[in-house]
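Asker: Using only what follows, build the 3D model:
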Amino acid sequence: ADQSIGSYPAGTTGARDVFYYATPGATNNPAAPPVTLFINEWMASNTGFMADPADGNFDDWFEIYNPGVSAIDLGGYRLTDDLGNRNKYVVPTGVGVPAGGFLLVWADENTGQTRTNGDLHVNFKLSLGGEVIAIYDPEGRLIDSAAFGAQTPNVTQGRFPKKATCLAIY
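Answerer: Down below sits the predicted model:
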């Protein structure tokens, strides 16, 4: 249902492909379906709750949740705390979120601490006064965002249940 079968590139013969995007009367679109990821939890004022294992500092952080049954390679995805700059941080190749799992993102401006199969470090910090965190796919489409208000030191905020739109303080 809601998929099409055809050739790509147009006019080729042989095996047919299943396409997520139906394109009646137009060239077939081989683009993959959008992924489902959520900005799930964040702490914009980590003054002693959890130390960054890379350097022992108490840095801001947020996590990305993948509710799907397949791991998602985030190489080329974009993370930002400024909706006016969706390209603020481009995730390097080799960073992903496991199926049904989480990726911890340190918002510490220490991008050199990122390790493949480890935590991600981005080039921005979170604001204690509140702001937005967003993730975009490599084509620039918004995957998810979470806006939050003023934060209390060492208190996390997030979605409950996971992927819900309501916010909870932990």
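Asker: The most centrally placed residue in the chain: helix or strand, and which one exactly?
Answerer: By C-alpha atoms, centre = their mean, the chain has its centre lying nearest to I135, at 4.4 Å. Per DSSP states H and E, I135 falls inside strand 131-136.
Asker: contact partners of that strand?
Answerer: Among residues not part of strand 131-136, those counted as contacts by C-beta atoms under 8 Å, 6 or more residues apart in numbering are 37, 39, 42, 44, 62, 64, 77-83, 86, 126, 142-148. Backbone N, C-alpha and C define where each C-beta goes, glycine included.
Asker: and if we set it to 7 Å?
Answerer: Where contact means C-beta atoms under 7 Å, 6 or more residues apart in numbering, the residues beyond strand 131-136 that reach it are 37, 39, 42, 62, 64, 77-81, 83, 86, 142-147.
Asker: Which ones among the residues you listed lie within strands?
Answerer: Within the contacts of strand 131-136, residues falling in strands by DSSP state E are 39, 42, 62, 64, 78-80, 142-147.
Asker: Buried ones among the residues you listed?
Answerer: Among those, those scoring as buried are I39, W42, F62, I64, R78, L79, T80, I143, D144, A146 (criterion: 16 or more other C-beta atoms under 10 Å).
Asker: which one among the residues you listed gets closest to N29?
Answerer: I143 (18.7 Å; C-beta to C-beta).
Asker: that older thread, nearest spatial neighbour of the residue nearest to the centre of the chain, skipping sequence neighbours?
Answerer: I143 (4.7 Å; C-beta to C-beta, 6 or more residues apart in numbering).
Asker: Could you list the low-pLDDT ranges of the chain?
Answerer: Within the chain, the ranges that satisfy pLDDT under 70 run 1-3, 33, 161-170.
Asker: just the helices in it please.
Answerer: Under the criterion DSSP state H, the chain contains no helices.
Asker: Give me the contact list for stretch 46-64.
Answerer: Residues from elsewhere that reach stretch 46-64 (C-beta under 7 Å, 6+ apart): 37, 39-44, 97, 102-108, 113, 125-126, 133, 135, 153-154.
Asker: Now the terminal residues of it, how far apart.
Answerer: Across its full length, stretch 46-64 reaches 17 Å end to end, with C-alpha to C-alpha, to the nearest Å as the criterion.
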